[in-house]
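Asks: Below is the sequence, then the predicted model.
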Amino acid sequence: MLRRYIERKEREFAFRDTNRRVLPFEIGEAWLPPNGSLDVRERLRLFVEEAVRDSGRFFRVPADSDYEARDDQLLFHSPLPSGIDPNDLVHARLFLKPNAGRVVIILPHWNAQPHSYFSLSKVLNFFNISTVRLSLPYHDARRPPYTERSDYMVSPNVARTLHASQQSVVEVRAVVRWLRQQGFQRIGVMGTSIGSCIGYLAFAHEPDIRAAVFNHVSNFFADVVWSGLSTRFVRRGLEPHVGLEELRYYWSPISPHTYIRRVKENYRPHLLITARYDTTFLPELTEQLFAEYRRLGVPYERAELPCGHYTTGMFPFSYYDGYLITRYFLKHL
């Protein structure tokens, strides 16, 4: 009965928005470095191969950023600009507690509302943990005025989707640097849905992140887009032009699966939260991630919510989720 109720609510939430659209398929040549007269797909393959081979360089953050803290806002220009002006000014909301030695960077879900996760920040503040709620690329004030949704973050433009996640990871690392400059030593990251994916990539590449919580987890970026209820419009734009196996390769630089071994090499505590009836990060994809953890002998901590992807935000599931997140950071950060 619970499963039927959850699945019905998941469909209600997934189909309530009427402004979803199918964007045209593009390899995204403009987002790739020039490479002679090579075919555009071959250029993309070479770009992906280099990104995976040297992911430290792919997600490198430059030495300097123009941080500006205004009251409860942190602003800076993206270290990896997209060329779209609103998107390239990074916005973060600060919930800093005086004398709090711990801080968590919060990464929202795709198309999150501007005030989402403020409640979680206030709960963590109550326990003397500061937070920084970071807006993802193409979200909130970063969304171009000619778009109604944050579609450019995940779209049938293959290379732009790569760039958006790469940009977001670099920005998380830039925020870590700013926090270190403010004297914070114990820094954590918490991400939900695509924010979980971004957080995992940042966690794998940023040694100054000491603990993490990943809210909804999966193995390959492409598989989630291909099979998820919330990304069905993205698949419609992709499917006539590219298959799942090819897309999995193209998006391997932004897939958690690619970096599990790297997480093992610099292991720090992290909690992987799943949802039993998830309609976007399908349970079978989540289990593939855990199977790879076991194959590589990577320790992990797991918690399961008795709900789905969208319904994680509903009472009482949201309260239980917040409890798991808060308890973990109190223990490990």
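Replies: Yep, that arrived.
Asks: hey, let's count contacts and neighbours off CA atoms from now on
Replies: Noted.
Asks: which regions of this structure sit below the pLDDT cut-off?
Replies: Residue ranges of the chain with pLDDT under 70: 36.
Asks: how far away is the residue lying closest to Asp72 once chain neighbours are set aside from Ile129?
Replies: Excluding the flanking residues, the one nearest Asp72 by C-alpha to C-alpha, 6 or more residues apart in numbering is Leu94, at 4.8 Å. Using C-alpha to C-alpha, to the nearest Å, Leu94 is found at 12 Å from Ile129.
Asks: Which one's more surrounded, the two?
Replies: Each of Leu94 and Ile129 has its neighbours counted (other C-alpha atoms under 10 Å); Ile129 has more, 26 against 20.
Asks: What residues are bridge-paired with that one?
Replies: Taking DSSP bridges as the rule, Ile129 bridges to Arg102.
Asks: Is it in contact with Asn99, as I believe?
Replies: No: under the criterion of C-alpha atoms under 8 Å, Ile129 is not in contact with Asn99, lying 9.6 Å apart.
Asks: For Phe25, which non-adjacent residue is closest in space?
Replies: Using C-alpha to C-alpha, 6+ apart, the nearest residue to Phe25 is Pro156, at 4.8 Å.
Asks: State the phi and psi torsions of that neighbour.
Replies: Dihedral pair for Pro156: phi -70, psi 0, per degrees, to the nearest 10.
Asks: what about it, how many neighbours?
Replies: For Pro156, the neighbour count with other C-alpha under 10 Å is 26.
Asks: show me where the stretch 201-333 of the chain has helices.
Replies: With helices called from DSSP state H, counting those that start in this stretch, the stretch 201-333 of the chain shows them at 221-227, 232-238, 244-250, 260-265, 283-296, 317-332.
Asks: For the first one, give me every contacting residue.
Replies: Around helix 221-227, the neighbours that count as contacts under C-alpha atoms under 8 Å, 6 or more residues apart in numbering are 218, 231-232, 234-235, 244, 247-248, 251-252, 254-256, 280-282, 285.
Asks: 10 Å instead, please
Replies: 154-156, 194, 197, 217-218, 228, 230-236, 238-239, 243-257, 279-282, 285-286 (C-alpha atoms under 10 Å, 6 or more residues apart in numbering).
Asks: One more: the last one?
Replies: Defining contact as C-alpha under 10 Å, 6+ apart, one finds that helix 317-332 is touched by 102-104, 117, 119-121, 123-124, 127-129, 186-190, 210-215, 268-271, 273-275, 303-308, 311-313, 315.
Asks: Next: the second one.
Replies: Outside helix 232-238, the residues that touch it by C-alpha under 10 Å, 6+ apart are 14, 20-27, 151, 154-158, 222, 224-229, 242-244, 247, 280.
Asks: Convert it to PDB, retaining C-alpha atoms only.
Replies: Taking C-alpha atoms only, helix 232-238 is exported to PDB below (Å, rounded to 0.1, in the frame of the first residue of the first chain):
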ATOM      1  CA  ARG A 232      12.000  12.000 -19.500                       C
ATOM      2  CA  PHE A 233      12.000  15.100 -21.600                       C
ATOM      3  CA  VAL A 234      15.800  15.100 -21.800                       C
ATOM      4  CA  ARG A 235      15.700  11.500 -23.000                       C
ATOM      5  CA  ARG A 236      13.200  12.500 -25.700                       C
ATOM      6  CA  GLY A 237      15.700  14.900 -27.100                       C
ATOM      7  CA  LEU A 238      18.600  12.500 -26.900                       C
END
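Asks: any idea how far Glu287 is from Ile254?
Replies: From Ile254 over to Glu287 the distance is 19 Å, taken as C-alpha to C-alpha.
Asks: Those two - which one has more neighbours?
Replies: Neighbours were counted for Ile254 and for Glu287 using other C-alpha under 10 Å; Ile254 has more, 28 against 15.
Asks: I'd guessed the more buried one sits against Arg160; true?
Replies: No: using C-alpha atoms under 10 Å, Ile254 makes no contact with Arg160, being 11.9 Å away.
Asks: Quickly list what's touching both of the two.
Replies: Common neighbours of Ile254 and Arg160 are listed as Gln166 (criterion: C-alpha under 10 Å, 6+ apart).
Asks: okay, and the common contacts of Leu94 and Ile129?
Replies: Ser121.
Asks: returning to that earlier point: quick check: the gap between the residue nearest to Phe25 and Asp223.
Replies: For Pro156, the distance to Asp223 - C-alpha to C-alpha - is 14 Å.
Asks: One more: Val217?
Replies: 12 Å.
Asks: what is in contact with the two at once?
Replies: Taking C-alpha under 10 Å, 6+ apart as the contact rule, Val217 and Asp223 both touch Phe281, Leu282, Leu285.
Asks: Just put those residues in a markdown table and tack on neighbour count and distance to Glu7.
Replies: Converted to a markdown table, those look like this (neighbours: other C-alpha atoms under 10 Å; distance: C-alpha to C-alpha, whole Å):
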| residue | neighbour count | distance to Glu7 |
| --- | --- | --- |
| Phe281 | 29 | 14 |
| Leu282 | 23 | 12 |
| Leu285 | 18 | 18 |
